[in-house]
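*Asks:* Pasted the sequence and its predicted model underneath.
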There are 2 protein chains.
Amino acid sequence: MESTGSLCIDRVAGGGVQVPLSSADVITALAALAQEHRLAAFRLLVEVGPEGVSAGDLADRLAIPRSSLSFHLNQMMQAGLIVQRRESRSLIYSADFAAMAALVGFLTENCCRGSGC
Amino acid sequence: MESTGSLCIDRVAGGGVQVPLSSADVITALAALAQEHRLAAFRLLVEVGPEGVSAGDLADRLAIPRSSLSFHLNQMMQAGLIVQRRESRSLIYSADFAAMAALVGFLTENCCRGSGC
DNA sequence: TCCATATTTCCAATATCATGGAAATATAAG
DNA sequence: CTTATATTTCCATGATATTGGAAATATGGA
């Protein structure tokens, strides 16, 4: 019998059940990470953790114009890899660990058969 | 101390040590998978295993023109995700499981901290 | 209300990606 | 050497992505 989707039961603080990803979702998520500035931004958000970083800080740390970063953050939001919250005048972005876990789960289940990964 | 690359010691039949991926390598690999036909092709190659599938068969199974598939196979080869071998008139493509394991290793180590993935 | 800060949206320019038919290349067999 | 099969390369066309400055929106404070 064939499993068709990646079912990654959530283990993160906030709770919530993980829904299987469609192949279109996976493509969107992969594309969201397949770009220099976005991969760098995401890694930074992962390092920083749930506290997150404001858009301005992120632009400074990555040394890219704010409008460019805004575009990239939007891509990652639409892909569901990061979340946004407002804190006074600042918008704080943080990584969605459950989403990333689901992506890795999909890749492991669908693209790794036979290897020890 | 920070580990900077994904070090995925190989567990696959053929043997060989896994080199850490640069962030540029990761972007190339992610981009190679972030496309409908390429993701479908790669999943098919993973299912089929080391025996692989000829370019023609693959084009038929995916129902896309041969020249288009050739383009996509090239992208995945350059990304190091698949390998090619000739068998008489046919070119047989197969998934490189170690490369995929390295990619998943990178994502797990660099983009998953704190989650249970 | 008026001003300053934080960030986004708009937009035009450029670059990269994807498509598929036609021609070229590689291999094999009669 | 000629013909058939398997696949790639070439190329023009259209689609999508990326960039960054300028203008617009959101929030908070005097």
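*Replies:* Nice, I can see it.
*Asks:* Is there any residue in the helix or strand containing A:Met76 that contacts DNA strand D?
*Replies:* Per DSSP states H and E: A:Met76 is located in helix A:66-78. Yes. Judged by Cβ under 7 Å from any atom of the strand, helix A:66-78 and DNA strand D are in contact via A:67-68, A:71-72, A:75. All C-beta atoms are positioned from the backbone trio N, CA, C, and that covers glycine.
*Asks:* who touches that helix?
*Replies:* For helix A:66-78, the surrounding residues in contact (Cβ atoms under 8 Å, 6 or more residues apart in numbering or on different chains) are A:28, A:31-32, A:35, A:37-38, A:41-42, A:55-56, A:58-59, A:62, A:82-84, A:93.
*Asks:* chain center to it: distance?
*Replies:* 12 Å (Cα atoms, centre = their mean, to the nearest Å).
*Asks:* rewinding a little: out of the residues of helix A:66-78 next to DNA strand D, flag the one nearest to DNA strand D.
*Replies:* Proximity of these to DNA strand D (Cβ to the nearest atom of the strand) peaks at A:Ser67, which lies at 3.1 Å.
*Asks:* Give the helix, strand or coil label for A:Arg86.
*Replies:* Following DSSP: H, G, I helix; E, B strand; the rest coil, A:Arg86 is assigned to strand.
*Asks:* And it, what's its pLDDT?
*Replies:* According to the prediction, A:Arg86 has pLDDT 98.
*Asks:* So it sits against A:Ile92, correct?
*Replies:* Yes. Contact criterion Cβ atoms under 8 Å: A:Arg86 and A:Ile92 qualify, at 7.4 Å.
*Asks:* For stretch A:21-30, what is the distance to the chain centroid?
*Replies:* In terms of Cα atoms, centre = their mean, the centre of stretch A:21-30 is found 12 Å from the chain centre.
*Asks:* Sorry, slip of the keys, the one I care about is stretch A:62-77.
*Replies:* On the basis of Cα atoms, centre = their mean, stretch A:62-77 sits 14 Å off its chain's mean C-alpha point.
*Asks:* circling back: ok, of the residues of helix A:66-78 next to DNA strand D, which come out buried?
*Replies:* Neighbour-count burial (16 or more other Cβ atoms under 10 Å in any protein chain shown) is assigned, among the residues of helix A:66-78 next to DNA strand D, to A:72, A:75.
*Asks:* Let me know the closest of the residues of helix A:66-78 next to DNA strand D to DNA strand C.
*Replies:* Compare each of the residues of helix A:66-78 next to DNA strand D with DNA strand C using Cβ to the nearest atom of the strand and the shortest gap goes to A:Ser67, at 3.2 Å.
*Asks:* thinking again about what came up before, can you redo the residues of helix A:66-78 next to DNA strand D as JSON lines with pLDDT?
*Replies:* Shown next, in JSON lines, are the residues of helix A:66-78 next to DNA strand D (pLDDT from 0 to 100):
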{"residue": "A:Ser67", "pLDDT": "98"}
{"residue": "A:Ser68", "pLDDT": "98"}
{"residue": "A:Phe71", "pLDDT": "98"}
{"residue": "A:His72", "pLDDT": "98"}
{"residue": "A:Gln75", "pLDDT": "98"}
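*Asks:* between the residues of helix A:66-78 next to DNA strand D, which is nearest A:Met100?
*Replies:* Nearest to A:Met100 among the residues of helix A:66-78 next to DNA strand D, counting by Cβ to Cβ, is A:Gln75 at 15.0 Å.
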